[in-house]
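Novice: mind folding the following:
(2 chains)
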Number of protein chains: 2
Amino acid sequence: MRTVSSIQELRASLHKVRPQTIGFVPTMGYLHEGHLSLVDKAKETADVVVMSIFVNPLQFGPNEDLANYPRDIERDSRLAESRGVDILFFPSVEEMYPPGSKTNVSVQDITESMCGASRPGHFDGVTTVVAKLFNIIQPDYAFFGMKDAQQVAVVMQMVRDLNMPIEVVPCPIVREADGLALSSRNVYLSPEERRQALVLSRALRQVQSMVGLGERNVEKLRTAIEKVIQESPLASIDYIEIRSYPGLMPLEELHGDCIVALAVRFGNTRLIDNIMLVASQEEAACSVQ
Amino acid sequence: MRTVSSIQELRASLHKVRPQTIGFVPTMGYLHEGHLSLVDKAKETADVVVMSIFVNPLQFGPNEDLANYPRDIERDSRLAESRGVDILFFPSVEEMYPPGSKTNVSVQDITESMCGASRPGHFDGVTTVVAKLFNIIQPDYAFFGMKDAQQVAVVMQMVRDLNMPIEVVPCPIVREADGLALSSRNVYLSPEERRQALVLSRALRQVQSMVGLGERNVEKLRTAIEKVIQESPLASIDYIEIRSYPGLMPLEELHGDCIVALAVRFGNTRLIDNIMLVASQEEAACSVQ
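Specialist: Next comes the predicted model:
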């Protein structure tokens, strides 16, 4: 495995590998099994796997955790190499955003609700950096985890709208044995917060069984989620949303493909989780371990 | 030459030609010698030349000339073929903007003055369509006429900021023998307007000789331009700007590379023209025929 930090050097490396296909796994590092499952999928799909590690300042708000976001490039590098990443792209902030940058890529409408409402400007930061990374790497496939389901919807919309010659491959959420969705931010949780954070996956399983029993009323499902989360005294609800997916339209009754998405704070740590309710097999829904 | 209207078909055609280099000439059609000089330059530079003809609705304001913009695809097609275009991309509005498009590419700061001030939203329309065309065609080189000098600055900024692997090649303004800059919109002019429209290039020549004689004061140069244009009773000044280029910063004294840019209306027709004043040879400036 090679690690390169310069866009020019990366491009030179990539030029040699064409016409092999390139699979791209963009990350902010502090890798966990969720990220590494994307590498596995990329290796199945493409000839060459490129991972980026870049904590993108543009997608953090002024009061968010940019400075404290966990970083460990030595460990990440070992994990990426052992899982078979061919090229790790690890640019500096200056390499990605030279002075005088003035261009913004933004997706309207589906960025306004959910995490977009809680984190103003977040998705503009995401689409701008992803557009840059796509232009730098020119992948054939790009792999994103469904934990950030709204991000997946937004990136797919951008790719379609801007005619980027890239297939976006959404990959399933990876969870701990007890149900907690993997996240680099889980490291922030105190032992007691970590224990109480299980309410997220528990609430989603609750929705799943209600839907399995035939419940279709969104307000009832929402209320049930709220009740489960309020059992955890340390939890503070940011949002509970049940919407169409990937269009993210509000619903009164479930129909078509839907997402149940949560954002909940424990102290300063904001966790997200979701399940998809797929129209063709609503009774089965997607499993939360 | 082949003409294709479908993005998919175009991509399939382009895939075959790599690793040859691709030169791209984006146009709104109604071709004149200015456009065709871009084709000449593209043929000198790249192996395969792709021209697009697309009257982009996104870059027209609600009270502008979208519906009336001159179109003649048969004539354009003959001209493009005779000049050596290899592939002409002539998409429909539906092909370029399928229902549900939500993504916008925008450049800040240098889009706010000059044509950006007169035509709100214009440059967002330009950058969005150019980003799409670049992703569709994946050219190595893209050729733009300097008559739209602000557009050249904006596209270069976008390419740099988004790391698009494309070299933007600015090409000189082509003029009629009497000095009028070629434009598809010249066809709108009545004979009397056409005659009076010569004040644009005359005013630019006036600036050029003042600068040749040592004048550096921007307000004095601006006043001289205004005086020349006001000699034409049909002319209505939209803007007269003397700014740094490509940064488009306002100036009090000329220094570094500068642009003198005009937009003037004759009836419903808005014409633009400009000259560059290059720092290294300020006394010479660029010639206006």
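Novice: contacts only, for the residue nearest in space to the middle of chain A.
Specialist: What sits nearest the mean C-alpha location of chain A, by C-alpha atoms, centre = their mean, is A:Asp148, with 2.9 Å. Residues counted as contacts of A:Asp148 (C-beta atoms under 8 Å, 6 or more residues apart in numbering or on different chains) are A:Cys115, A:Ile272. (Each C-beta comes from the backbone N, C-alpha and C, glycine too.)
Novice: number of residues surrounding A:Tyr97?
Specialist: 17 (other C-beta atoms under 10 Å in any protein chain shown).
Novice: quick one: strands adjacent to the strand or helix carrying A:Leu88?
Specialist: Using DSSP states H and E, A:Leu88 sits in strand A:87-89. Strand A:87-89 pairs in its sheet with strand A:2-4 (parallel), strand A:48-53 (parallel), by DSSP bridges.
Novice: average pLDDT for the first one?
Specialist: What that stands for is strand A:2-4. On average, the pLDDT along strand A:2-4 is 72.
Novice: for that strand, the distance to its chain's centre please.
Specialist: Here strand A:2-4 is found 24 Å from its chain centre; the criterion is C-alpha atoms, centre = their mean, to the nearest Å.
Novice: just the buried residues of that strand, please?
Specialist: Neighbour counts over strand A:2-4 (16 or more other C-beta atoms under 10 Å in any protein chain shown) mark A:Thr3, A:Val4 as buried.
Novice: do the same with stretch A:257-267
Specialist: By neighbour count on 16+ other C-beta under 10 Å, the buried set for stretch A:257-267 is A:Cys258, A:Ile259, A:Val260, A:Ala261, A:Leu262, A:Ala263, A:Val264, A:Phe266.
Novice: of those residues, which belong to strands?
Specialist: The strands, defined by DSSP state E, take in A:Cys258, A:Ile259, A:Val260, A:Ala261, A:Leu262, A:Ala263, A:Val264, A:Phe266 from the buried residues of stretch A:257-267.
Novice: quick check, the third one in contact with A:Leu204.
Specialist: Yes. Under the criterion of C-beta atoms under 8 Å, A:Val260 is in contact with A:Leu204, at a separation of 6.1 Å.
Novice: up against chain B, what does the stretch 101-250 of chain A have?
Specialist: Selection of the stretch 101-250 of chain A residues close to chain B by C-beta under 8 Å from any C-beta of the partner chain yields A:101-110, A:127-128, A:131-132, A:135-136, A:138, A:157-158, A:161-165.
Novice: narrow these to just the buried residues.
Specialist: Buried residues within those, defined by neighbour count using 16+ other C-beta under 10 Å: A:101, A:103-107, A:110, A:127-128, A:131-132, A:135-136, A:138, A:157-158, A:161-165.
Novice: just for chain A, where's the confidence low?
Specialist: Residues of chain A that meet the criterion pLDDT under 70 lie in A:5, A:10-11, A:13-18, A:279-289.
Novice: if we go to 50?
Specialist: Along chain A, the model assigns pLDDT under 50 to residues A:282-287, A:289.
Novice: domain parsing for it?
Specialist: A:2-171, A:184-277 (automatic domain parsing).
Novice: what's the span of the shortest one from first residue to last?
Specialist: When the termini of domain A:184-277 are compared using C-alpha to C-alpha, to the nearest Å, they are 26 Å apart.
Novice: again with stretch A:177-193
Specialist: Its start and end residues considered, stretch A:177-193 measures 17 Å (C-alpha to C-alpha).
Novice: return the set of buried residues in that stretch.
Specialist: Within stretch A:177-193, the residues that count as buried by 16+ other C-beta under 10 Å are A:Gly179, A:Leu180, A:Ala181, A:Leu182, A:Ser183, A:Ser184, A:Arg185, A:Asn186, A:Tyr188, A:Leu189, A:Glu193.
Novice: shared neighbours, A:Val260 and A:Leu204?
Specialist: By C-beta under 8 Å, 6+ apart, A:Val260 and A:Leu204 have these common neighbours: A:Ile225, A:Asn274, A:Ile275.
Novice: neighbours around the second one, how many?
Specialist: It stands for A:Asn274. Residues lying near A:Asn274 (other C-beta under 10 Å) number 24.
Novice: contact partners for it?
Specialist: Residues in contact with A:Asn274 (C-beta under 8 Å, 6+ apart) are A:Met146, A:Lys147, A:Ala149, A:Ile173, A:Leu204, A:Ile259, A:Val260, A:Ala261, A:Leu262.
Novice: picking up where we left off before, now do the SS call for the residue nearest to the centre of chain A.
Specialist: Three-state assignment for A:Asp148 (DSSP: H, G, I helix; E, B strand; the rest coil): helix.
Novice: chain A: helices as residue ranges?
Specialist: Per DSSP state H, chain A carries helices over the ranges A:7-17, A:33-45, A:73-83, A:93-96, A:115-118, A:122-137, A:149-161, A:191-196, A:198-212, A:218-230.
Novice: take the ones you listed and lay them out in a markdown table including distance to A:Pro246.
Specialist: Putting those into a markdown table (distance: least, C-beta to C-beta, whole Å) gives the following:
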| stretch | distance to A:Pro246 |
| --- | --- |
| helix A:7-17 | 29 |
| helix A:33-45 | 19 |
| helix A:73-83 | 28 |
| helix A:93-96 | 27 |
| helix A:115-118 | 14 |
| helix A:122-137 | 13 |
| helix A:149-161 | 4 |
| helix A:191-196 | 31 |
| helix A:198-212 | 18 |
| helix A:218-230 | 17 |
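Novice: out of those, flag the one nearest B:Glu241.
Specialist: Proximity to B:Glu241 (C-beta to C-beta) singles out helix A:122-137 among the helices of chain A, at 28.7 Å.
Novice: which strands or helices does the closest one pack on?
Specialist: Here helix A:122-137 touches helix A:7-17, strand A:22-27, strand A:48-53, strand A:87-89, strand A:103-107, helix A:115-118, helix A:149-161, going by 3 or more C-beta pairs under 8 Å, 6 or more residues apart in numbering or on different chains; DSSP states H and E.
Novice: next one: A:Ser183 from A:Leu31, what distance?
Specialist: For A:Ser183, the distance to A:Leu31 (C-beta to C-beta, to the nearest Å) stands at 12 Å.
Novice: I meant A:Thr111, not that one.
Specialist: To A:Leu31, A:Thr111 is 26 Å away according to C-beta to C-beta.
Novice: how about A:Lys41?
Specialist: The gap separating A:Lys41 from A:Leu31 is 15 Å, by C-beta to C-beta.
Novice: the two: which is more packed in?
Specialist: A direct count of neighbours by other C-beta under 10 Å for A:Lys41 and A:Leu31 places A:Leu31 higher, at 25 against 20.
Novice: tell me which residues touch that one, please.
Specialist: The contact partners of A:Leu31, taken as C-beta under 8 Å, 6+ apart, are A:Ile53, A:Arg75, A:Asp76, A:Leu79, A:Ala80, A:Ser184.
Novice: neighbour-wise, which one of those residues leads?
Specialist: The residue in those with the most neighbours, by other C-beta under 10 Å, is A:Ala80 (27 neighbours).
Novice: residue contacts, it?
Specialist: Contact partners of A:Ala80, counting by C-beta under 8 Å, 6+ apart, are A:Met1, A:Leu31, A:Val39, A:Met51, A:Leu88.
Novice: and these, which are buried?
Specialist: When these are checked for burial by 16+ other C-beta under 10 Å, the buried set is A:Leu31, A:Val39, A:Met51, A:Leu88.
Novice: many thanks, we can stop here.
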